[in-house]
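> The following comprises the amino acid sequence and a computationally predicted model.
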Amino acid sequence: MKVALGADHRGYQAKERIKQLLVERGHEVLDFGTDAPRSCDYPDMAFPASKAVVDGKAQLGVLICGTGIGMCIASNKVPGVRAALCHDELTCEMARRHNDANVLCLPADLIGEALMKRIVDVWLRTSFEGGRHEGRLEKIREIEQKVRQGI
């Protein structure tokens, strides 16, 4: 699987560790930066990584900043993205199963490396359940269409 990966300076170290984990698990990583722990702005990585997911260049995305909140907000501005900020395995599983979330946002400053790796493993192995949840996603797509039309 191809995974779009991005982080700001606060998430840089975690991104590098998650990148290594993904490669070890046999996934291809599209790294959208940052490439150093110097200060930078999270939207500069969130947008291209999220766009790669929507454009089909990657199947899923993982974005990391200090709290995960900024990345999540920026990512969800891209039509077609369903980014979820997850702090544990259960919220991650539910985001994939019930919401078909396609971008995982992680808080580098709030959770440890072991938990972060477990969350990523859950992210990669969990599929969308479909069924009753499909209608809700269709309503989200309708909202996005209305926004595009200026309604």
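Everything's here; your move.
> any idea where the strands of this protein begin and end?
Assigned by DSSP state E, the chain shows strands spanning 2-7, 28-31, 60-65, 83-85, 103-107.
> ok, now which ones touch P48?
Residues counted as contacts of P48 (Cβ atoms under 8 Å, 6 or more residues apart in numbering) are 4, 6, 32. (C-beta placed from N, C-alpha, C; glycine too.)
> Neighbour-wise, which one of those residues leads?
G6 (29 neighbours; other Cβ atoms under 10 Å).
> returning to that earlier point: arrange the strands of the chain in CSV, one row each, with distance to V122 and mean pLDDT as further columns.
As requested, the strands of the chain are exported to CSV (distance: least, Cβ to Cβ, whole Å; pLDDT from 0 to 100):
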stretch, distance to V122, mean pLDDT
strand 2-7, 14, 98
strand 28-31, 18, 98
strand 60-65, 12, 98
strand 83-85, 12, 98
strand 103-107, 9, 98
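> Tabulate those strands (TSV), appending distance to F128.
Converted to TSV, these look like this (distance: least, Cβ to Cβ, whole Å):
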stretch	distance to F128
strand 2-7	17
strand 28-31	21
strand 60-65	11
strand 83-85	12
strand 103-107	14
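> Quick one: closest of these to R38.
Minimum separation from R38 across those (Cβ to Cβ) falls at strand 2-7, 12.3 Å.
> Now do that closest one: which elements does it pack against?
If you count contacts as 3 or more Cβ pairs under 8 Å, 6 or more residues apart in numbering; DSSP states H and E, strand 2-7 packs onto helix 12-24, strand 28-31, helix 43-54, strand 60-65.
> Let me see the confidence value for P79.
At P79, the model reports a pLDDT of 94.
> chain center to the worst-scoring helix or strand of the chain on mean pLDDT: distance?
Ranking every helix and strand in the chain by mean pLDDT, DSSP states H and E puts helix 132-149 at the bottom, with a mean of 93. Relative to its parent chain, helix 132-149 has a centroid offset of 19 Å by Cα atoms, centre = their mean, to the nearest Å.
> That concludes my questions; thank you for your assistance.
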